[in-house]
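>>> Have a look; sequence and predicted model below, questions after that.
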Amino acid sequence: MKNKLFACLLAVLLIGCVSPGKKDTTSDLERLAEGAKGKWSDYADYGAGEIIDADTFLVRDSDDATTATGIQKEYPWSVMKSDLKTGLRYDCEDLAEDTWQGETYIIDCGEAANCAVGDIVYIDPSDGDPLKEADATVSSGKFPAFGIVVVAGNDGSPTVVMTKGCYRNDDGYNWTITAPTDFIYLGESVGTSTQTAPSTSGDCVQIIGYPINADVAHYDFTRPYSEVE
């Protein structure tokens, strides 16, 4: 009788402990595969994620999800373990010119002049095509900024916006890094960023990033903002 009771208790413990573990692992693998879209900017979407050996997690483009070759990226287990703990890492200093790595959204552009790569944008909730160029001036009210355009879109068409991550622009950027407070702010001209904090009463002061070097910025549009008194 005691042996039967012990076996029953053991079965309950195994069911209660192992099943949630499987569910969590699946969730982690799916999250890592999804994150490949942010880790590599030439990676359109993921269609499969699997551990193929002791050290490699493989993700494939959705067009090649059922094949063993084609567009695919290998995710070393050493990196995967770190990313599971800290979130996906961005190799900011190794970016090629005019490329990015980060977290993105696809939103319809609402600018008659289109949404260009590098534009700092905000969300206009009154418009069916809500993505528009942001600026920090009190008279415009086009703030806080939501993200930076990384894939351009015409008026009324889908646009890819990065809300957190790194972007390199050799021709357009020349950031200064001399102190820990050399932040990047939402600019007072539409669609721009600056390293000079707005100072006019009522203007928006929003830190949107920090320079990694002269050509690369790490953006984070989730920070709170304030208004100049």
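Alright, I've got the coordinates. On a predicted model such as this, the values are computed, not experimentally measured, just so you know. Numbers count the residues shown, from 1 in each chain.
>>> Outline the domain layout of this protein.
Under the assignment automatic domain parsing, the domains of the chain span 21-86, 92-227.
>>> any idea how far the closest residue to residue 168 other than its chain neighbours is from residue 174?
Distances taken as CB to CB, 6 or more residues apart in numbering place residue 95 nearest to residue 168, at 4.2 Å, with adjacent residues excluded. Bear in mind the C-beta positions are built from the backbone N, C-alpha and C, glycine included. Distance of residue 95 to residue 174, computed by CB to CB, to the nearest Å: 16 Å.
>>> what ranges do the strands span in the protein?
46-53, 56-61, 72-76, 100-108, 120-123, 131-133, 147-151, 158-168, 184-186, 193-194, 204-205, 207-211, 216-220, 226-227 (DSSP state E).
>>> closest to residue 178 out of those?
strand 207-211 (10.2 Å; CB to CB).
>>> Give me the average confidence score over the closest one.
The average pLDDT within strand 207-211 is 97.
>>> now it against strand 147-151, angle please.
60 degrees (axes from the mean of the first three to the mean of the last three CA atoms, to 10 degrees).
>>> rank the domains of the chain by mean pLDDT and give me the bottom one.
Among those, domain 21-86 scores lowest, with a mean of 47.
>>> Residue 95 and residue 174: which has the busier surroundings?
Neighbour totals were compared for residue 95 and residue 174, and residue 95 leads with 20 against 11 (other CB atoms under 10 Å).
>>> Tell me the spacing between the more buried one and residue 110.
From residue 95 to residue 110 the distance is 29 Å (CB to CB).
>>> try residue 227
24 Å.
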